[in-house]
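K.L.:
Sequence first, predicted coordinates after that:
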Amino acid sequence: MTADPGDYDRRIAALAALAIGLQVIEAAIPSPVPGIKPGLANVITLVALVTLGWRAAIAVTLLRVVGASLLLGTLLSPGFWLSLAGALAALSILAPLWRLYPHHLSALGLAVAAALAHTLGQFLLAWALIIPHPQLPLLLPPLLLAALIAGAVTGILTNSVLSDPRIQRHVRNPSTTGTG
Amino acid sequence: MHGLRWGDALVVTLALALVGSAFGLVYTPAGGATELVVTQAGAAPRHFPLNEPRTIGIEGAAGVTTIRIEPGRARCLHSPGSQNICERAGWLERPGDMAVSLPNRLVLQVRGPGTDFDSMHF
């Protein structure tokens, strides 16, 4: 079954809309510590990756970062650049890892790796450009721990989303994942 | 839970190792303070090695600032300031930590082998 380009684009738009919605809702939840949040939009990136492929995951993620920042009014602010850096770092770790799905790795492993990469990417940008304070690394271990927990939670969520039959029929045939 | 693969265990193990080593690396006191530098208005900075426990007094414009020195750390014990800002800085342990007594026009800073910034503002 091959989706026509229009269908493909509509799916990307739908997933991006879901991701933007999740990110905006999450931004409304007060967090005791800045920089710690569940990152539920991670679920959507992984679903896009597994069902539509690598290019779709990039498209959905970039649409999410730009779209959510437009709604939240943070476009081009430090928060936007941090969000973008985290998203790009997460995508770059998913690039080699997603080929291992689903034979050697489930969405849990992908989500944990992506969450840690997201936090590391954000942190490096923050430290290099936004707050180059020598004591800033003191914040990194707790942030990484939070990312590990958030990644595990979103990974388990992603696994249960992907096991839904309505999603399952869109998941690429495992025998062709290597060629995507 | 179904659907998990061996790679998940590997990724989670590596992630735990990364988080654990981050905690270990960042929170290990690396290269602690080795000397206390007392800078007072109108006087050359004075250096005190943080080697053995002792208490020193620095005469200033408003009185005597008493400083406790212990191996690797120092603190302001008593200073003439009415708000106890110098005392409240607590133990100065990491290179760059400082305490200030404005009435005595005094800055206490511990330094170590590394050259850290004391603070940065934007």
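P.N.:
Now that the structure is in, tell me what you want to look at. These numbers come from a predicted model, not from an experiment.

K.L.:
Enumerate every residue touching the closest residue to A:L75 other than its chain neighbours.
P.N.:
Closest residue in space to A:L75, ignoring its immediate chain neighbours: A:S69 at 4.4 Å, by C-beta to C-beta, 6 or more residues apart in numbering or on different chains. C-beta: built from backbone N, CA, C; applies to glycine. Taking C-beta atoms under 8 Å, 6 or more residues apart in numbering or on different chains as the contact definition, A:S69 lies against A:75-77, A:79-80, A:83.

K.L.:
per-residue pLDDT, A:S69?
P.N.:
Note on A:S69: pLDDT of 95.

K.L.:
Can you list phi and psi of it for me?
P.N.:
phi -70, psi -30 (degrees, to the nearest 10).

K.L.:
Can you turn the buried part of the contacts of A:S69 into a PyMOL selection?
P.N.:
The following PyMOL line selects those of the contacts of A:S69 that are buried, judged by 16 or more other C-beta atoms under 10 Å in any protein chain shown:
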select buried, chain A and resi 79+80+83
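
K.L.:
Spatially, which two of the contacts of A:S69 are the most separated?
P.N.:
A:L76 and A:S83 (11.1 Å; C-beta to C-beta).

K.L.:
Can you identify the helix in chain B that spans the most residues?
P.N.:
Looking across chain B with DSSP state H, the single longest helix is helix B:6-27.

K.L.:
and the helix or strand just after that one, which residues are buried?
P.N.:
Counting by DSSP states H and E, the next helix or strand C-terminal to helix B:6-27 is strand B:35-40. Across strand B:35-40, burial judged by 16+ other C-beta under 10 Å covers B:35-36, B:38, B:40.

K.L.:
Compile the contacts of A:S69 into JSON lines and extend it with columns for distance to B:G60 and pLDDT.
P.N.:
Output for the contacts of A:S69, formatted as JSON lines (distance: C-beta to C-beta, whole Å; pLDDT from 0 to 100):
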{"residue": "A:L75", "distance to B:G60": "53", "pLDDT": "93"}
{"residue": "A:L76", "distance to B:G60": "50", "pLDDT": "93"}
{"residue": "A:S77", "distance to B:G60": "46", "pLDDT": "92"}
{"residue": "A:G79", "distance to B:G60": "45", "pLDDT": "90"}
{"residue": "A:F80", "distance to B:G60": "49", "pLDDT": "94"}
{"residue": "A:S83", "distance to B:G60": "50", "pLDDT": "93"}
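
K.L.:
from the contacts of A:S69, which is closest to chain B?
P.N.:
A:S77 (14.8 Å; C-beta to the nearest C-beta).

K.L.:
just to revisit the earlier point, among the buried residues of strand B:35-40, which two are most distant?
P.N.:
B:E35 and B:Q40 (16.0 Å).

K.L.:
Report the distance from stretch B:46-61 to the chain centre.
P.N.:
Between the centre of stretch B:46-61 and the centre of its host chain there is 16 Å, according to C-alpha atoms, centre = their mean, to the nearest Å.

K.L.:
To clarify, my last question referred to stretch A:33-49.
P.N.:
Distance of stretch A:33-49 from the chain centroid (C-alpha atoms, centre = their mean) equals 5 Å.
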